[in-house]
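J.: Predicted model and sequence below, questions to follow.
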Amino acid sequence: MAAATLLLAAGCAASSAGGKAPATVTAPRGGPPAGWSAAPTTLAPTTLAPTTLASTAPALATPGTAASTPSVPGRTVTAPAGGLCPTARLAVRSADGEGAAGSTYEHLVLTNTGTTSCVLRGFPGVSYLDAAGRQVGAAAVRSGPAGQAVRLAPGASASATLRTVHPGIQVGCEEPAQSTPVASLRVFPPANTTALRLALSDVSACSSPAVQQLSVTAFTR
């Protein structure tokens, strides 16, 4: 997945006194955002103003469960604009997985667990993690149009289609030694710098970041 760049918003125009407002860091519309790394995610959680996202380390227990995890060093960023859904008010699950011609297609479903409506717009950021929280292989590239904003009432869901090319097919991932077990999918909701994790069981992925094994569409109803 192509990395989305955190945009450094310039300060407001100079006041009559000649001063400038401090610059703020604006979260991107799609992940993964700039600033996250493939290192184990043991850093302080990101704080979104005015909403504080308190993240805890996930317990990767049963497949299909998810937990919110910090992904970048602690910093202050603006909350998602336009009522976009923050990670702390979303849950992720996988649905309708099926295989076709050496690939698997599944829906990554995000559900609004909050008490007010919010909006999803654009692509998630998706990558594999090993049991230590390190990224395995390349992040997902974006596939198809950006789509329209999807408003989620409390309890409502939207989904993006994730395609995974099986190990053993692509150049650079033909041999067993070129793939490795993975423990979870890391999913950045659009406009967020804090990720969700979707636990996996008995799944291997291509180790090389030069092999593009994941692609994902924008969210739709």
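T.: On my side now, so go ahead.
J.: make it CA atoms for all contacts and neighbour counts henceforth
T.: Noted.
J.: Tell me where the model's unsure across the protein.
T.: Applying pLDDT under 70 to the chain picks out residues 1-82.
J.: what number of residues lie near the closest residue to residue 170 other than its chain neighbours?
T.: Counting by Cα to Cα, 6 or more residues apart in numbering, residue 211 is the residue found nearest to residue 170 once chain neighbours are left out, at 7.2 Å. By other Cα atoms under 10 Å, the residues close to residue 211 number 18.
J.: secondary structure class for residue 211?
T.: With DSSP: H, G, I helix; E, B strand; the rest coil as the basis, residue 211 sits in coil.
J.: what sits against it?
T.: 137, 138, 170, 171, 172, 173 (Cα atoms under 8 Å, 6 or more residues apart in numbering).
J.: Show the buried residues in those.
T.: The neighbour count (16 or more other Cα atoms under 10 Å) marks 137, 138, 172, 173 as buried among these.
J.: what about the residue nearest to the second one when sequence neighbours are not counted, distance to residue 178?
T.: In other words, residue 138. Spatial nearest neighbour of residue 138, excluding adjacent residues (Cα to Cα, 6+ apart): residue 209 at 4.3 Å. Here the criterion is Cα to Cα, to the nearest Å. By it, residue 209 lies 11 Å from residue 178.
J.: give the contact list for residue 160.
T.: Residues in contact with residue 160 (Cα under 8 Å, 6+ apart) are 107, 108, 109, 123, 124, 216, 217, 218, 219, 220.
J.: same thing but 10 Å
T.: By Cα atoms under 10 Å, 6 or more residues apart in numbering, the contact list for residue 160 reads 94, 106-110, 122-124, 216-221.
J.: cool, and residue 166?
T.: Counting by Cα under 10 Å, 6+ apart, residue 166 touches 99, 101-104, 173-174, 179, 203-206, 213-214.
J.: Just the buried residues out of the residues you listed, in PyMOL syntax.
T.: Buried residues among the contacts of residue 166 (16+ other Cα under 10 Å), as a PyMOL selection:
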select buried, resi 173+179+204+205+206+213+214
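J.: Need the contacts of residue 166 in TSV (columns: distance to residue 86 and secondary structure).
T.: What follows is these, written out as TSV (distance: Cα to Cα, whole Å; DSSP: H, G, I helix; E, B strand; the rest coil):
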residue	distance to residue 86	secondary structure
99	31	strand
101	36	coil
102	34	coil
103	31	strand
104	28	strand
173	36	coil
174	39	coil
179	33	strand
203	29	strand
204	30	strand
205	29	strand
206	30	strand
213	27	coil
214	24	strand
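J.: want to throw the contacts of residue 166 into JSON lines with distance to residue 132?
T.: What follows is the contacts of residue 166, written out as JSON lines (distance: Cα to Cα, whole Å):
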{"residue": "99", "distance to residue 132": "28"}
{"residue": "101", "distance to residue 132": "31"}
{"residue": "102", "distance to residue 132": "28"}
{"residue": "103", "distance to residue 132": "26"}
{"residue": "104", "distance to residue 132": "25"}
{"residue": "173", "distance to residue 132": "22"}
{"residue": "174", "distance to residue 132": "25"}
{"residue": "179", "distance to residue 132": "16"}
{"residue": "203", "distance to residue 132": "15"}
{"residue": "204", "distance to residue 132": "15"}
{"residue": "205", "distance to residue 132": "15"}
{"residue": "206", "distance to residue 132": "17"}
{"residue": "213", "distance to residue 132": "21"}
{"residue": "214", "distance to residue 132": "20"}
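J.: Thanks a lot, catch you later.
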